[in-house]
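Dropping a prediction and its sequence here:
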Amino acid sequence: MYEILVVEDEYAERRELAELMEALVPARHIRCAATCEAAIQMIDQLAPDLILLDIMLKGRSGFEVAQYVRSRGLDCRIIILTAYNEFDFASKAMSVGIQDYLLKPMRPDLLLQRIRSVLSRPAGGRAQPPQLWPSLACGMTSGLPQPLPRLPARVVVVLLSAPLSPEEGEALSAQAGPELRLECYGRRVVCYCPEGTAEPLETVGRRLAEWTPLLPGRCRLARAGVGEPAAGPEELAESYRTARLAACSGPLFPQRLVCRYTPWTGEWESYPDQAEARLIRALRSREDTVQPAGQLCARLLSGCRGDAAILEGWLELYCAGLRRACGQVGADWRPELDLEACFTPRELSRRMEELADRAAGLLAPDSRADHPLVARTMAIVESRYPEPLKLEGVAREQFVSSAYLGRIFHAHTGQTFRDYLTRVRLGHAARLLEEGASVSAAAAAVGYEDPNYFSRVYKKQFGYPPKEGRR
């Protein structure tokens, strides 16, 4: 289990970072410091595996903390947090053995991905060359590292059928050669086309086919989006935005491998809230949700007029509607639907149906769970299964003893709390494996720290090892 130290002098940012780190480790393994002195004291006490380090700490430099760590010879990874105009610190960061430096602000999912990548590398490794796409994803171009090695004429975003590991992404970028700059993140590969590139979509598709044989066997090029031309660095963010939206247009234009984004400029339709209301009623009444979910998906696809930005916004509203409905029964669930993982209308509809099925389980978890404490316990498990849940903690949340809750839970469901938690976790793990996730990634996503233990439990439940459950 990693020990993490967050060094940040702003209280709100410090608290937000600490809460975000709970996606990686339990809260008891996270410490915070607001000053250089406090950070050094905690380093001596904690011996952290990872330090998230702000550069400016009330007039002092965070590099003092980094230099202290390296002078003591501690085996610790360090990630510098910097504002977008502080890239001149890059050379100094590398000189003191800092593994990475990240742009503020950064989306939480991107930050976690970069941190996981750093944790997967040896503590003594040097910082990697800064990637462009995190800045572009935030809509910022003034903070790009200068000078750019070559001004890209446009951005192309490629979506793969399965995500790349950080090591596979680095290998792919290295093998693509100096003429084509690639940056990889999960199932996304960002290509920076050189100056003067203004090719038709068919030619772009052929050029992409030149490096796709370098992909791992489980991956294929599922969709590509070509961004708007960029006459200068200030237009790269727009080129990236339009390229990503074009790549997400698979459910709208499933017959196209390479797309360009065309925004809808006519009269907008409103979100089909009546179709959503029919689906929510079906969820609450335990009716079949396949038809209403499919009808809602069809309304979304037809109403967005081929504009992936509208579709993406409507899918966020769909997830918000499911969250509100589940929140009314006390289930704290934050559904997410990644449009980048849906390449056809059927795949989008299937993903919407899966979310609806999970919402149905939260709204009416089990016909045998007619006791309110049992229903609440099942809702907690369904919404928080990746957490290290214990019967004692769940009982404490409901102000009853663990013995009492365990007894009535078994009486109403025919299984122990532990068995039910295992069944829910393995059910979600099986879906992740079917979607192409690695065994270790699926194990971590559902709350198992040890992939070997997860494999034993999985085989006992299903009769075959998890690697046979992958596509």
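Structure received. Values in this document were obtained by computation on a predicted structure and should not be read as measured data.

Could you count how many residues lie near Gly225?
The tally of other residues near Gly225 (other Cβ atoms under 10 Å) stands at 27. In short, each C-beta sits where N, CA and C put it, glycine included.

Excluding covalently adjacent residues, which one is nearest to it?
In this structure, Gly225 finds its nearest non-sequential neighbour in Ala246, 2.8 Å apart by Cβ to Cβ, 6 or more residues apart in numbering.

which residues are in contact with whatever helix or strand Phe454 lives in?
Using DSSP states H and E, Phe454 sits in helix 451-462. Contacts to helix 451-462, defined as Cβ atoms under 8 Å, 6 or more residues apart in numbering, come from residues 422-423, 426, 429-430, 439-440, 442-444, 446, 448, 465-466, 469.

that older thread, which residues does the residue nearest to Gly225 contact?
Contact analysis of Ala246 by Cβ under 8 Å, 6+ apart lists Val157, Ala224, Gly225, Val226, Gly227, Cys259, Arg260, Tyr261, Ala308.

what secondary structure does it sit in?
Secondary structure, DSSP: H, G, I helix; E, B strand; the rest coil: Ala246 is helix.

thought Val258 was touching Gly225?
Yes: Val258 lies in contact with Gly225 (Cβ atoms under 8 Å); the separation is 7.5 Å.

State the distance from Gly294 to Ser349.
According to Cβ to Cβ, to the nearest Å, Gly294 and Ser349 sit 5 Å apart.

Hmm, I typed the wrong one, I wanted Tyr240.
For Tyr240, the distance to Ser349 equals 28 Å [Cβ to Cβ].

who has more neighbours, these two?
A direct count of neighbours by other Cβ under 10 Å for Tyr240 and Ser349 places Tyr240 higher, at 28 against 21.

what residues go with each domain of the chain?
Split into domains by automatic domain parsing, the chain comes to 4-129, 154-260, 273-363, 372-469.

Could you dump those domains into TSV and include mean pLDDT and distance to Gly266?
Formatted as TSV, these follow (pLDDT from 0 to 100; distance: least, Cβ to Cβ, whole Å):
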stretch	mean pLDDT	distance to Gly266
domain 4-129	74	31
domain 154-260	79	16
domain 273-363	87	7
domain 372-469	85	36
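
and of those domains, who's closest to Gly139?
Nearest of the domains of the chain to Gly139, taken as Cβ to Cβ: domain 154-260 at 5.0 Å.

Now name the helix or strand holding Cys191.
Judged by DSSP H and E, Cys191 forms part of strand 188-193.

which residues sit against that strand?
Residues contacting strand 188-193 (Cβ under 8 Å, 6+ apart): 132-133, 150, 152-160, 164, 169, 172, 180-184, 208, 240, 243-244, 247, 340.

Strand partners (parallel or antiparallel) of that strand?
Next to strand 188-193 in the sheet, as set by DSSP bridges, lie strand 154-160 (antiparallel), strand 181-185 (antiparallel).

Please export the C-alpha coordinates of the longest one as CSV.
Only the C-alpha atoms of strand 154-160 are listed here, as CSV (Å, rounded to 0.1, in the frame of the first residue of the first chain):
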residue,chain,number,x,y,z
ARG,A,154,-3.6,19.8,-37.0
VAL,A,155,-4.4,17.2,-34.4
VAL,A,156,-5.8,13.8,-35.1
VAL,A,157,-7.3,11.8,-32.2
VAL,A,158,-7.4,8.0,-32.6
LEU,A,159,-9.6,5.8,-30.4
LEU,A,160,-8.6,2.2,-29.8
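
Mind checking what helix or strand follows that strand in sequence?
That would be, after strand 154-160 and using DSSP H and E, helix 166-175.

what are the phi and psi angles of the residue most central in space within the chain?
By Cα atoms, centre = their mean, the chain has its centre lying nearest to Asp109, at 4.5 Å. Main-chain dihedrals, Asp109, degrees, to the nearest 10: phi -70, psi -40.

Could you check how far the nearest residue to Thr344 once chain neighbours are set aside is from Arg305?
Of all residues not flanking Thr344 in the chain, Pro254 sits nearest, at 4.5 Å (Cβ to Cβ, 6+ apart). In this view, Pro254 and Arg305 are 16 Å apart by Cβ to Cβ.

Over to Ser440?
42 Å.

again, but for Ala224
On the measure of Cβ to Cβ, Ala224 and Arg305 end up 22 Å apart.

Look at those two and report which has more neighbours.
Between Ala224 and Arg305, Ala224 has the larger neighbour count (other Cβ under 10 Å), namely 23 against 17.

and that one, helix, strand or coil?
Under three-state DSSP, Ala224 comes out as strand.

Go ahead and confirm it touches Val155.
No: here Ala224 does not reach Val155: they are 11.0 Å apart, not a contact under Cβ under 8 Å.

Quick check: Ala230 touching Thr242?
No: taking contacts as Cβ under 8 Å, Ala230 lies outside contact range of Thr242: 10.1 Å.

Show me how to select, in ChimeraX, the buried members of the contacts of helix 451-462.
Here the buried members of the contacts of helix 451-462 are turned into a ChimeraX selection, burial being counted by 16 or more other Cβ atoms under 10 Å:
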select :422,426,429,430,439,440,442,443,444,446,448,466,469
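
which pair in the contacts of helix 451-462 spans the largest distance?
Arg423 and Ser440 (21.0 Å).

measure Val189 to Leu215 for me?
On the measure of Cβ to Cβ, Val189 and Leu215 end up 9 Å apart.

roughly how far out does stretch 50-64 sit from the chain middle?
27 Å (Cα atoms, centre = their mean, to the nearest Å).

List the buried residues for it?
For stretch 50-64, burial by neighbour count (16+ other Cβ under 10 Å) applies to Leu50, Ile51, Leu52, Leu53, Asp54, Ile55, Leu57, Gly62, Phe63.

Now tell me what touches that stretch from outside.
So stretch 50-64 is contacted by 2-10, 13, 17, 21, 34-36, 39, 43, 65-66, 69, 76-83, 86, 89, 92-93, 96, 98, 115, 118-119 (Cβ under 8 Å, 6+ apart).

sorry, back to before: possible to save the buried residues of stretch 50-64 as TSV with secondary structure and distance to Ala395?
Formatted as TSV, the buried residues of stretch 50-64 follow (DSSP: H, G, I helix; E, B strand; the rest coil; distance: Cβ to Cβ, whole Å):
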residue	secondary structure	distance to Ala395
Leu50	strand	33
Ile51	strand	36
Leu52	strand	34
Leu53	strand	39
Asp54	strand	40
Ile55	coil	45
Leu57	strand	42
Gly62	coil	43
Phe63	helix	48
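
Tell me the one of those nearest Ala298?
Closest to Ala298, out of all of these and judged by Cβ to Cβ, is Leu52, at 44.4 Å.

For the closest one, give the beta-bridge partners.
Assessed by DSSP bridges, Leu52 has beta-bridge partners Val6, Ile79.

what do you get for the one 4 residues further on?
Assessed by DSSP bridges, Met56 has beta-bridge partners Ser61.

Could you measure from it over to Ala359?
44 Å.

Sounds good, over and out.
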